[in-house]
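[1] For reference, the sequence and a predicted model appear below.
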Amino acid sequence: MGQLYQAITEIEENLSSLLGEVKSLRQYIEYLEEENVKLKRQLCAVSEADTARVQKNGAKIQKEAQENLEKLYQEGFHVCHIYFGEPVEGSCIFCNAFLRKD
């Protein structure tokens with residue numbers, strides 16, 4: 001019977017040791033998850049300067065696109081989605097509405 005109690009005691013000690021390791025690993029995992037969240041926030045953060053630069057560039061591109069469409073229409077081509085690229089005969093209410101953004 002002495003050996004049985006000794007074996008059970010060893011198993012209890014091993015289980016206790018394993019439980020301690022599991023607790024340590026759980027704490028480390030929680031730390032890593034928090035760190036991951038912080039890094040994701042930093043990665044997604046955009047500075048105000050970057051936002052302003054992107055908005056300015058977007059406005060510039062939109063202005064250039066509008067000018068190109070107006071030039072294309074003045075050269076005699078449709079810019080409306082219905083007849084885009086086809087020659088215009090007279091005036092097109094769809095193109096005019098599109099260019100006025102109505």
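    Done, it's in. Residues are numbered from 1 along each chain as shown.

[2] and the longest helix for the protein?
    helix 2-44 (DSSP state H).

[3] Quick one: mean pLDDT over it.
    Per-region confidence: helix 2-44 scores 93 on mean pLDDT.

[4] Equivalent analysis for stretch 49-63, please.
    91.

[5] List the buried residues in it.
    For stretch 49-63, burial by neighbour count (16 or more other CB atoms under 10 Å) applies to no residue. Just so you know, the C-beta spots here come from the backbone N, C-alpha and C atoms, and that holds for glycine as well.

[6] Put the alpha carbons of that stretch into PDB.
    What follows is stretch 49-63 as a C-alpha-only set of coordinates in PDB (Å, rounded to 0.1, in the frame of the first residue of the first chain):
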ATOM      1  CA  ALA A  49      -1.500  64.900 -41.700                       C
ATOM      2  CA  ASP A  50      -2.000  61.700 -43.600                       C
ATOM      3  CA  THR A  51      -5.800  62.200 -43.600                       C
ATOM      4  CA  ALA A  52      -5.400  65.700 -44.900                       C
ATOM      5  CA  ARG A  53      -3.000  64.700 -47.600                       C
ATOM      6  CA  VAL A  54      -5.300  61.900 -48.800                       C
ATOM      7  CA  GLN A  55      -8.300  64.200 -48.900                       C
ATOM      8  CA  LYS A  56      -6.300  66.900 -50.800                       C
ATOM      9  CA  ASN A  57      -5.100  64.300 -53.300                       C
ATOM     10  CA  GLY A  58      -8.700  62.900 -53.700                       C
ATOM     11  CA  ALA A  59     -10.100  66.300 -54.300                       C
ATOM     12  CA  LYS A  60      -7.300  67.000 -56.900                       C
ATOM     13  CA  ILE A  61      -8.000  63.700 -58.700                       C
ATOM     14  CA  GLN A  62     -11.800  64.300 -58.700                       C
ATOM     15  CA  LYS A  63     -11.200  67.800 -60.100                       C
END
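
[7] For the residue nearest to the spatial centre of the chain, give its distance to residue 38.
    Computing the C-alpha centroid of the chain and ranking residues by CA atoms, centre = their mean puts residue 44 first, at 7.8 Å. Applying CB to CB, to the nearest Å, one obtains 11 Å for the distance of residue 44 from residue 38.
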